[in-house]
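Colleague: okay, structure incoming, though there's no sequence with it:
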């Protein structure tokens, strides 16, 4: 897989890549999907609200019904949890981690991020322009 980077007039960075010699895709870089979980609906809503208020993500999702099993406190635990995900850029990861840590009800919350591939040029353009607009509004006097 050989990427061919280019910068388009819309401000996005794209790579045209061939997968296994048969599929070509345009990829927007560098988008990250952050994720955390909590066992309380009110905390998931508070986290969502604080992430949105930060203006560092144009999209936050809450998914109920996640059944987690994890090793904690010397034994196996199970919990019904809410999964909170947010899309952002690498430059905003540290700030969003700080927001999650300050508002979370867990002593040691799961906070992970993964670099994702956005295969829709239209969605990637929306993501880029929404983040730019949110940042511009947050810096207005």
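Modeller: Alright, I've got the coordinates. Computed from a predicted model, the values in this text were never measured in an experiment.
Colleague: neighbours of residue 38, how many?
Modeller: For residue 38, the neighbour count with other Cβ atoms under 10 Å is 25. (Glycine included, C-beta is placed from N, CA and C.)
Colleague: next one: it, what pLDDT does it get?
Modeller: If you check residue 38, the pLDDT there is 97.
Colleague: same check, this time on residue 30
Modeller: 74.
Colleague: surely it meets residue 92?
Modeller: No - between residue 30 and residue 92 there is no contact under Cβ atoms under 8 Å: 10.9 Å.
Colleague: and these two? Which one has more around it.
Modeller: Using other Cβ under 10 Å, the more surrounded residue of residue 30 and residue 92 is residue 92, with 20 against 12.
Colleague: check the gap between that one and residue 104 for me.
Modeller: Spatial separation of residue 92 from residue 104 under the definition Cβ to Cβ, to the nearest Å is 18 Å.
Colleague: over to residue 64?
Modeller: Taking Cβ to Cβ as the measure, residue 64 falls 17 Å from residue 104.
Colleague: next: residue 51.
Modeller: Using Cβ to Cβ, we find residue 51 at a distance of 12 Å from residue 104.
Colleague: one step back: between residue 64 and residue 104, which is the more surrounded one?
Modeller: Between residue 64 and residue 104, residue 104 has the larger neighbour count (other Cβ under 10 Å), namely 20 against 10.
Colleague: next up, the contacts around the more buried one.
Modeller: By Cβ atoms under 8 Å, 6 or more residues apart in numbering, the contact list for residue 104 reads 36, 38, 43, 47.
Colleague: I'm done for today, thanks for sticking with me.
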